[in-house]
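Visitor: only the shape, not the letters, is given here:
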């Protein structure tokens, strides 16, 4: 009996630790419930506030759950998104007071309880994660990716480490490595011998054969099976071009997937644009004067490819002095950049006029960055699934921008496609809020350039030429491209 009780205690402790390990996201609902209970115990809630508080808790938990896959990769969002739960409770009590025609003066006890709850969640997010047994991973179906995956997992040791691959040894001497575990026919023995915890399946053929094998005599094994593309999405926050196949399109062709721009997103875009525009008016006027003093036109207009491939004219503050109108990549150290352009490009203030594009409906606040027609066609020929990024409206900021910065060549654009695919598959209102929150951090600390090139080999191991040349959909994120701005 004591042994069973100890096992139960160990299970509870493990669940509590796992809730803490995701930056407070898992513990937020528990803190919200405790906040409501404490508020009720201290008589801080009235009868008409109770429904509002319950709705606030449900809404905050929904936002946290939906934003969890994205917030997990973003330092600021991981700490602040869970903290909205108690704060939303406080805001909803203010709203209930307003609609009941009462003076919005919430109880000081309730305010203290909610603020302490949010602060507690933020503090929990800084908790050091306990060391756990490393997950032993084997790859099945694509031996060329094992070295790349091992290299990327070395940076994220908490996700596990590669033991090797199962399959036929490559005949190409350049592709040979020390990761070969044996042929697929010996899979059960390999799993037991090497202590494999997770088996990653990297192709449709391997997926079919492994499940046939497991259904025959491997169901008693403790190993778990996962597609390589899904593993990379959960671990790296991108959909790897090197691992996805045409069946990936099922995620955007499924009947439950909503293509186009939902009305709620359009309302969100207009509200955020109007608020940001009003705040930015003084800054924009000052920048207009400084750009004018540098000589030349104030604004720069350029044709970009938008939703469904429709062209539109993008508006920016001019940041370059050259008059070269060729469609070309530009870099952070481009000699054409003016003295004021260096500041506006680093802080993205040169993109403030694009608020007009958002209000017109050409762009959204969050989405893939739009590309110039000639460059988009060039990338479309080189990168598979590129056209998927045109299923959604382009944005001022996006998942690719906060994760990998800006692209300056086809290689970087292929990596941006991986990020854009991930966003398009998982996009939602809460995800847009998380990305918008993280954008603030990148603007302040200029972090968008530091991750550029990370996980590049997951986009095209061995070089861009190894990618198939089909022109079916995939996202790409060029940026900072083009003639003077």
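Guide: Thanks, I have it. What you see is a predicted model, and the numbers here were worked out from it, not measured in a lab.
Visitor: give me the number of residues near residue 285?
Guide: 10 (other C-beta atoms under 10 Å). (Each C-beta comes from the backbone N, C-alpha and C, glycine too.)
Visitor: what does the pLDDT read for it?
Guide: On pLDDT, residue 285 comes in at 91.
Visitor: work out for me the element it sits within.
Guide: Secondary structure here is read from DSSP states H and E; on that basis residue 285 sits in helix 263-293.
Visitor: I'd like the next helix or strand past that helix.
Guide: Tracing the chain C-terminally past helix 263-293 and defining elements by DSSP H and E, one meets strand 299-305 next.
Visitor: tell me which residues of that next one are tucked away?
Guide: By neighbour count with 16 or more other C-beta atoms under 10 Å, strand 299-305 contains the buried residues 300, 302, 304, 305.
Visitor: ends of stretch 397-415, what's the gap?
Guide: End-to-end distance of stretch 397-415 (C-alpha to C-alpha, to the nearest Å): 16 Å.
Visitor: to clarify, my last question referred to stretch 378-391.
Guide: End-to-end span of stretch 378-391 (C-alpha to C-alpha): 18 Å.
Visitor: just checking, what packs against the helix holding residue 285?
Guide: Judged by 3 or more C-beta pairs under 8 Å, 6 or more residues apart in numbering; DSSP states H and E, helix 263-293 is in contact with strand 311-317, helix 339-347, helix 354-360, strand 364-366, helix 429-445.
Visitor: let's go with 10 Å and repeat that
Guide: With contacts defined as 3 or more C-beta pairs under 10 Å, 6 or more residues apart in numbering; DSSP states H and E, the packing partners of helix 263-293 are strand 299-305, strand 311-317, helix 339-347, helix 354-360, strand 364-366, strand 395-397, helix 429-445.
Visitor: quickly run through the sheet partners of the second one, with directions.
Guide: Strand 311-317 has its sheet partners listed here by DSSP bridges as strand 299-305 (antiparallel).
Visitor: run through who's touching the strand it pairs with.
Guide: Contacts of strand 299-305 with the rest of the structure, by C-beta atoms under 10 Å, 6 or more residues apart in numbering, involve 288, 291, 310-320, 325, 327, 350, 353, 356-357, 362-363, 369-377, 380, 387, 389-390, 394, 481-485.
Visitor: if we can go back for a sec, JSON lines for the buried residues of strand 299-305, including distance to residue 231 and pLDDT?
Guide: Supplementary listing: these in JSON lines, determined by distance: C-beta to C-beta, whole Å; pLDDT from 0 to 100:
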{"residue": "300", "distance to residue 231": "42", "pLDDT": "87"}
{"residue": "302", "distance to residue 231": "39", "pLDDT": "90"}
{"residue": "304", "distance to residue 231": "34", "pLDDT": "94"}
{"residue": "305", "distance to residue 231": "32", "pLDDT": "94"}
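Visitor: what two of those residues have the greatest distance between them?
Guide: With distances taken as C-beta to C-beta, the most widely separated pair in the buried residues of strand 299-305 is 300 and 305, at 17.2 Å.
Visitor: looking at this, residue 134 is in a helix?
Guide: No - under DSSP: H, G, I helix; E, B strand; the rest coil, residue 134 sits outside any helix and is assigned coil.
Visitor: ok, back up a step: just the buried ones from the contacts of strand 299-305, in PyMOL syntax?
Guide: With 16+ other C-beta under 10 Å as the criterion, this PyMOL line picks the buried residues out of those:
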select buried, resi 291+312+314+315+316+317+318+319+320+327+350+353+357+362+363+369+370+371+372+375+376+380+387+389+390+394+481+482+483+484+485
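Visitor: excluding its backbone neighbours, what's nearest residue 457?
Guide: Leaving aside its sequence neighbours, residue 457 sits nearest to residue 148 (C-beta to C-beta, 6 or more residues apart in numbering; 4.3 Å).
Visitor: same question, residue 362
Guide: Nearest-residue entry for residue 362: residue 312, 4.1 Å, with adjacent residues in sequence omitted and distances by C-beta to C-beta, 6+ apart.
Visitor: what's the local residue count around residue 267?
Guide: Using other C-beta under 10 Å, the number of residues around residue 267 comes to 11.
Visitor: can you check residue 143 too?
Guide: Around residue 143 there are 22 residues (other C-beta under 10 Å).
Visitor: re earlier: ok, the residue nearest to residue 362 touching residue 370?
Guide: Yes - taking C-beta atoms under 10 Å as the definition, residue 312 is a contact partner of residue 370 at 7.7 Å.
Visitor: who touches both of these two?
Guide: By C-beta under 10 Å, 6+ apart, the residues touching both residue 312 and residue 370 are 302, 303, 304, 305, 306, 357, 362, 363, 394.
Visitor: and the strands in the protein?
Guide: Assignment of strands within the chain using DSSP state E yields the ranges 136-140, 161-166, 180-182, 198-201, 224-227, 299-305, 311-317, 364-366, 395-397.
Visitor: tabulate the ones you listed in JSON lines, adding columns for distance to residue 94.
Guide: Supplementary listing: those in JSON lines, determined by distance: least, C-beta to C-beta, whole Å:
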{"stretch": "strand 136-140", "distance to residue 94": "49"}
{"stretch": "strand 161-166", "distance to residue 94": "50"}
{"stretch": "strand 180-182", "distance to residue 94": "60"}
{"stretch": "strand 198-201", "distance to residue 94": "47"}
{"stretch": "strand 224-227", "distance to residue 94": "45"}
{"stretch": "strand 299-305", "distance to residue 94": "41"}
{"stretch": "strand 311-317", "distance to residue 94": "38"}
{"stretch": "strand 364-366", "distance to residue 94": "26"}
{"stretch": "strand 395-397", "distance to residue 94": "29"}
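Visitor: cool, thanks, signing off.
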